[in-house]
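[1] Sequence and predicted model, in that order:
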Amino acid sequence: MKLFTKTLATAGLALGALSATAPATAQVQGNVATADVSRALIGSSALQTAYSQIGTTYAAQIEQRQTKQQELATLLQPFDTNGNGQLDDSELPAVQGASNFAQIQTLEGEVAAISNQVNGARIYAVEQILAQYPAALTEVTTQQQIVMVMQPDTIQFAAQGADITGQITTALNTRLPSVAIVPPAEWRPSRNAAQIFQEIQQTLLTAQLIQQQQAAQQQAPATQAPTGR
């Protein structure tokens, strides 16, 4: 049970940073290339716009979730005996036996319900773009006469320019400039879209942490070298 639930409030910044680093074109070496599905979607204008719109459309829910998360963290703080920011298995019995356990369960359920609503909108956007990925991949591989495409993490070496992720993103932008962000009442996320969404969230979280570390390093006072006399 996590004590502090992490959110992607600055997902837009991470999206922009990642898309800026993705190559728009590439000269493929031979007939083999690499492509990252989640990174191709992250770089798409449709997903960036959708995430921005979700942040606005679901602003009240996101704010409500943050408030309830803070309430939950306050209630759970006394049980975090080792101060590591989360509840370990050895600490859970104390929570379950607490007089306010019912209140804790209620808050956890409310936070989960709000998260499901917001993330459902994100997965719905991902699912729509993901549906166009095979066609975008076929378009790029046909143009470049590529006979095999692999995920970057499955190979040990790739020559510079072998990654066609940026080109696939460009094809996605042409095929699907925008997507809807409010799922129909009967909609249920596909397993594939949910998995890609989790990969996207992890990639964005990693990018966000890197940005925070870089910002902290820039704000830290520079160490002055001693001057000789």
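    Yes, it's here.
[2] Which strand or helix spans the residue sitting nearest the centre point of the chain?
    The centroid of the chain falls nearest to Q201 when counting by CA atoms, centre = their mean (1.8 Å). In the assignment (DSSP states H and E), Q201 maps to helix 191-219.
[3] Flag every buried residue along that helix.
    Residues 193, 195-197, 199-201, 203-204, 207-208 are the ones in helix 191-219 that count as buried (16 or more other CB atoms under 10 Å). Where C-beta positions appear, they are placed from N, C-alpha and C, glycine not excepted.
[4] Return the per-residue confidence for the residue nearest to the centre of the chain.
    Q201 carries a pLDDT value of 95.
[5] for Q224, same thing?
    pLDDT, read off for Q224, is 52.
[6] go on, the one 5 residues further on?
    On the pLDDT scale, R229 is placed at 49.
[7] Could you do E127 as well?
    Confidence score, pLDDT, at E127: 98.
[8] residues near it, how many?
    For E127, the count of nearby residues is 19 (other CB atoms under 10 Å).
[9] do the same with Q145
    9.
[10] residues contacting it?
    Going by CB atoms under 8 Å, 6 or more residues apart in numbering, Q145 touches N31.
[11] doesn't V179 fall inside a strand?
    No. V179 sits outside any strand when classified using DSSP: H, G, I helix; E, B strand; the rest coil, being coil.
[12] show me the contacts for it.
    Residues in contact with V179 (CB under 8 Å, 6+ apart) are 46-47, 49-50, 124-125, 128-129.
[13] where does Q86 fall, phi/psi-wise?
    In terms of degrees, to the nearest 10, the main-chain angles of Q86 are phi -150, psi 170.
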